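Engineer: Everything below, folded, please.
(one chain, ligands or ions: 1)
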Amino acid sequence: MNRRLPELLAGPGARPEAVHQAMHYALTGPGKRIRPVLTLVVADLFGIRSASSGVVLDLACSVEMVHACSLILDDLPSMDDAHLRRGRPTVHLQFGENVALLAALALLNRAYALVAESAHRLSLGRYTAEDMVHHLAAAIGSDGLIGGQALDLLSKAEDLDLELLEYIHSHKTGALFMAAGELGAMAADAKRKDLEVVARFAKNLGLAFQISDDLLDVLGTPEETGKDVGQDAGKVTFVKLLGVAGAQALEAELLGFAEESLAPLGRKGEPLRELARFVGKRSR
Ligand code: GRG
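Structural biologist: Numbering: from 1, shown residues only. Below is the predicted model of the structure:
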């Protein structure tokens, strides 16, 4: 994947050079790639044919492009005002806010085009290319990442309870995990009931991942996480509401739900169980 990601963008010399450089910088930085890995693992476990594995890799890369876009936007001064991401200055500090915004939008548009192209190249049965593009668009829109981000920015501290916090993060973070898994399942022509299994797993995994993110903001170091820590100090987070032990317990509970939801898949679900264990143990 790390080899394929830059190949899917215009070369760094192509006009507008600054925007392309910022796109490369954001996309190819040392991220964990957990969302595209989810796409690949799910497609694999539902038996994607090896002839289609290159197409699924591109589909997974499109998920990483959406994620990279969301990180650029999330780090902007008008949002989280972050300085460090993936161990390096954030995109707006490196390239300026104007270029950062354009690079984020360009990555998003490249991602949509790539999903459409990939879906077109797959021999889909139950689903159409429109289904796949629509799924991704719904996950990003005002009832998805954008909705979660908006409420994260706009909610007053005194209104934030566990229900609202869960809403925010199951949208801001969980929605892209769900879309990542579902796109993989659709690419492999999984049955609709299997798509639901994947969605339930990914939703719980995504929320658990967010709680571990909150925990790392308190317990981690910039060297380990590659980003500013203590960034959430002024915010209501799972750790603020529940304390460290309470947040750890909720994370473990959600990972348990995620694993339980895999029961219908039997042993086939093992690679997803492994992904859940990775989230439970992560330190970056
Ligand atoms: C238009 C795509 C789009 C988004 C607009 C800005 C925004 C709305 C949403 C923000 C979503 C966001 C950044 C959520 C935080 C999720 C999170 C835990 C990020 C860290 O993910 P990691 O740890 O990062 O996977 P790496 O660097 O490893 O990829």
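Engineer: can you give me the strands for this protein?
Structural biologist: In the chain, the strands defined using DSSP state E lie at 84-85, 88-89.
Engineer: quick one, which of the ones you listed is packed in tightest?
Structural biologist: Mean neighbour counts were taken over the strands of the chain using mean count of other CB atoms under 10 Å, and the top value, a mean of 21, falls to strand 84-85. (C-beta placed from N, C-alpha, C; glycine too.)
Engineer: is it up against the ligand anywhere?
Structural biologist: No. Contact of strand 84-85 with the ligand (CB under 6 Å from any ligand atom) is absent, the minimum separation being 6.7 Å.
Engineer: got the strands of the chain as JSON lines, with distance to V99 and mean pLDDT columns?
Structural biologist: Formatted as JSON lines, those follow (distance: least, CB to CB, whole Å; pLDDT from 0 to 100):
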{"stretch": "strand 84-85", "distance to V99": "15", "mean pLDDT": "95"}
{"stretch": "strand 88-89", "distance to V99": "13", "mean pLDDT": "96"}
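Engineer: who's in contact with the worst-scoring helix or strand of the chain on mean pLDDT?
Structural biologist: Lowest by mean pLDDT, DSSP states H and E among the helices and strands of the chain is helix 222-225, with a mean of 85. Applying CB atoms under 8 Å, 6 or more residues apart in numbering, the contact partners of helix 222-225 are L84, L216, D217, D228, V229, S283, R284.
Engineer: Kindly give a single PyMOL line that selects the buried subset of these.
Structural biologist: Those of these that count as buried under 16 or more other CB atoms under 10 Å are selected in PyMOL with:
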select buried, resi 84+216+217+228+229
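Engineer: A60: what's its closest spatial neighbour, skipping adjacent residues?
Structural biologist: Among residues not flanking A60 along the chain, P36 sits closest, at 3.6 Å (CB to CB, 6 or more residues apart in numbering).
Engineer: check contacts around whatever residue of the stretch 1-150 of the chain ends up closest to the ligand.
Structural biologist: Here the stretch 1-150 of the chain gets closest to the ligand at one residue, G31, 2.9 Å apart by CB to the nearest ligand atom. Contacts of G31 were listed using CB under 8 Å, 6+ apart, and they are E64, H67, A68, R86.
Engineer: Same list (those) but as CSV, adding distance to the ligand, pLDDT and neighbour count.
Structural biologist: Compiled in CSV, the contacts of G31 are given as follows (distance: CB to the nearest ligand atom, whole Å; pLDDT from 0 to 100; neighbours: other CB atoms under 10 Å):
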residue, distance to the ligand, pLDDT, neighbour count
E64, 8, 98, 26
H67, 6, 98, 23
A68, 8, 98, 26
R86, 5, 95, 19
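Engineer: what about G181, neighbour count?
Structural biologist: A count of nearby residues for G181, using other CB atoms under 10 Å, gives 30.
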